[in-house]
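Novice: Please find the sequence and the predicted model below.
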Amino acid sequence: MASGQVWARVYYNVSLIETDSKDELDGLLTLHGLDRFVVARISDRAVIVDSQQRNQIARALARLGRPHRITDLLPRVPGAE
């Protein structure tokens, strides 16, 4: 990439999951096998996941009883106006 260029990565049909600590997120992803649904890890406490798996991840978080936040991003089909 040439110097001075600006770029961005756009994800469609994803949800943002945030937890209170890195350890909680790491445990959730590895112990429950949910790491296969992660599209991108954007910080030590937040991941972007496939929206189709949102409910499964939400149930796992609820069973653990840990504070979390799930933000659904608007679904959109690439190229649609």
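Specialist: Okay, I see it.
Novice: where along this structure do the helices fall?
Specialist: Counting by DSSP state H, the chain has helices at residues 22-31, 54-64.
Novice: Report pLDDT for the residue nearest to Val39 when sequence neighbours are not counted.
Specialist: Nearest non-adjacent residue to Val39, counting by CB to CB, 6 or more residues apart in numbering: Ile48, 4.6 Å away. From N, CA and C alone the C-beta is placed, and that goes for glycine too. Here the pLDDT value assigned to Ile48 is 92.
Novice: which ones are touching Ile48?
Specialist: Neighbouring residues of Ile48 by CB atoms under 8 Å, 6 or more residues apart in numbering: 11, 14-17, 38-42.
Novice: for Ile70, same thing?
Specialist: 15-18, 54, 57-58, 61.
Novice: Give me the buried subset of the residues you listed.
Specialist: Buried by 16 or more other CB atoms under 10 Å: 15-17, 54, 57, 61, out of these.
Novice: Show me the two of those residues that sit farthest apart.
Specialist: Leu16 and Leu61 (13.1 Å; CB to CB).
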